[in-house]
Every structure is written in C-alpha cells, then in structure tokens.
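Asker: structure of the sequence below:
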Amino acid sequence: MAHRAAIRSIERVVGESAPLQDPEVARGGIAKMLAAGSVLVLTGAGVSTDSGIPDYRGPNGSLRRHRPMTYQEFLHEPAARHRYWARSYVGWRHMALATPNPIHQRLARWETEGLIAGIVTQNVDGLHLAAGSQNVIALHGDLEQIACLNCGATEPRVSLDRRLHEANPGYLEAVDLDVSLVNPDGDVSLDEGHVAQFIMVSCLVCGSLALKPNVVYFGENVPPERKTQLKELEAVSSSLLVIGSSLAVMSGYKLLLDARAAGKRVGLINGGPTRGDAKADFRWRANIAQALQTLEASDAVEAKRPM
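Answerer: You can find the predicted model right below:
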C-alpha cells in the first residue's frame, strides 16, 4: 500500500485550480509578509534549477523521463538498489559541483535581516546551508551522509565515493554523462550495460551492500525528530512563503494546510501552478530569481531592512 501511495504521489499532476492573480497584488502582499518579519519559507526544486539541478515537474522536469525509486523498491529489491548506486555514482559528480545561486544567497541574507524565520527545504542538495542560511530544515534529508540499512552505521558520501572510485577504475570515463539527464535526487539515467558493469562496495562495519543515502524516498516517512523541529519553526513564524514548489508531495503541502489552520497568511512564488493555489492569499506566477530581486527592492522590504 505504501508503494502504491508513493507511485500516486510521484504521478500526481498539478493543474490550474484558481484564477491567475494580478502580479502586482501578489507582489505587494508577499512584500508586506516579508516586512512583518519571521516568515517561514518552504523551498522546492525550483530554487535550484539556476544551479544546474533540474526540477521534477517543470516543463523540462525529470519526471518526464525518469520515475524516482520508491522506498519500498530500494528496501526490498537488491537489483533496483544496485541500479540506483550505479546511476548515483555517475550523477553525484554533477551534484557535488553545484553551487548556490542568487536565490539561495538572497534567502540567506533575508534570514540575517530578520525577514524570514528559517527555511524548510524539500531539496537534498545542501545549497541553502552552502549559501550561509543557518536555520534550515532539510525535510527530505541530504545527500551528504550514507546509512547502512542493516546495522545503522553512517559514512560521509565523500568517503563512499572514494571507495566506489577505487572499486570501479575507468568507469566514469566510459560513461558519456549528459548533465541535462541528472535528476534532482542526484542520480542519472544509465543503460543496463553500464549498470551491470558497476561494482558496489559494502558497509564498513557489517559488510552489507544495503547502503542508502540519507534522504527520504517517496513512500518513506519524514523522521519524527525532523517533524518536531518543523513544528517548533512553524510555531515562531508569522506566515508561510512557498518558493519553487508545486506542493505535489504531501510533506510540503501539509505546511500550507498547517498555516491556513493557524490563520496565517500564505504566499506562493512559482513558475507554474501549485497544489495550494486555491488556498493561498497571494500567488505570484513568475521567474523566481526575478521575483525575489523585485521583492528585495520593494519599499515595504526596504523599510524593514536594517540600516
């Protein structure tokens, strides 16, 4: 059942559910939210596309060519897990080179200025922290740590990558990587021949091959301690601003539902429709980098910024 629910979440199509809002009305409303301070920001894949990491559901999103693996497949199908690691070993080259873009940098600055209370991100790329944001909850984890499903031992991804490199000499050179095919979760499409040639390494503690990146897969629950952190951040926030997310996944959409239940204002900035359009106070359909730049220059936000 969990696997079927995960597939439904992956395949969810987000269409238009509310009339487009006047951009000036949306911009003005979101600017006032920021001027009030302590905004909780939820970010999705759309904030990292300018760093060269594709999104899931955009016009060129990875879901058009690739279905992410579910947690149940990763847990119970060794062949599927082996395929993931072959693809991830190649794709991680590109993810590791990604750097924060002006969106990440602007949000980090807004945190120091008190405009936002913190960031909850659905992304696993670590770019908010790399940009200098301090109060960040990676809702779906990150790619920097690896855990053994058998004994629970952890290992830094850079360490695992060194071991994979030693076990697979010449492998990367034999793969012609098209960076446009790298997926938001760090893997890349490979043919079955290259997958079969890949050699996976084992856990340093127990020798198991059941290694998993520290990310929440479709069909997997967000860890309880992370939910507790999220509730604490929600409690001290004044409103919710969703940036670059279609809110197709329930873990993100629930933040919008929580904000509405608490009577807080909700703003959306995205290039396309979101699941929460009909429930938001302000919905701005715009290029994200340009929208944030415009907000930063608005009179309301300028007045809030420390001199």
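Asker: now the helices for this structure?
Answerer: Assigned by DSSP state H, the helices in the chain fall at 2-11, 23-36, 71-76, 78-97, 102-112, 127-131, 157-167, 171-174, 192-197, 224-235, 250-261, 288-296, 299-304.
Asker: name the helices or strands packed onto the fourth one?
Answerer: In terms of contact count using 3 or more C-beta pairs under 8 Å, 6 or more residues apart in numbering; DSSP states H and E, helix 78-97 is assigned the packing partners helix 71-76, helix 157-167, helix 171-174, helix 192-197, strand 211-215. Where C-beta positions appear, they are placed from N, C-alpha and C, glycine not excepted.
Asker: would you mark the buried spots in it?
Answerer: With burial defined by 16 or more other C-beta atoms under 10 Å, the residues of helix 78-97 counted as buried are 81-95.
Asker: also stretch 17-29?
Answerer: The neighbour-count criterion (16+ other C-beta under 10 Å) identifies 21, 26, 27, 28, 29 as the buried residues of stretch 17-29.
Asker: now, among the residues you listed, which is nearest to residue 143?
Answerer: Within those, proximity to residue 143 (C-beta to C-beta) peaks at residue 26, which comes in at 33.2 Å.
Asker: contact partners for residue 37?
Answerer: Applying C-beta atoms under 8 Å, 6 or more residues apart in numbering, we find residue 37 in contact with 114, 115, 117, 238, 304.
Asker: out of the residues you listed, who's the most crowded?
Answerer: Most neighbours among the contacts of residue 37, by other C-beta atoms under 10 Å: residue 115, with 24 neighbours.
Asker: apart from its chain neighbours, what residue comes closest to it?
Answerer: By the measure of C-beta to C-beta, 6 or more residues apart in numbering, the closest residue to residue 115 outside its immediate chain neighbours is residue 34, 4.7 Å from it.
Asker: C-alpha coordinates for stretch 161-169, CSV please?
Answerer: Output in CSV follows, covering the C-alpha atoms of stretch 161-169 (Å, rounded to 0.1, in the frame of the first residue of the first chain):
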residue,chain,number,x,y,z
ASP,A,161,32.6,7.9,-3.3
ARG,A,162,36.4,7.4,-2.8
ARG,A,163,35.7,3.7,-2.2
LEU,A,164,33.5,3.4,-5.2
HIS,A,165,36.1,5.1,-7.3
GLU,A,166,38.7,2.5,-6.2
ALA,A,167,36.3,-0.4,-7.0
ASN,A,168,35.4,1.0,-10.4
PRO,A,169,38.5,2.1,-12.2
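Asker: can you list phi and psi of the residue most central in space within the chain for me?
Answerer: Against the mean C-alpha coordinate of the chain, by C-alpha atoms, centre = their mean, the closest residue is residue 123 at 1.5 Å. The phi and psi torsions at residue 123 (degrees, to the nearest 10) take the values phi -90, psi 150.
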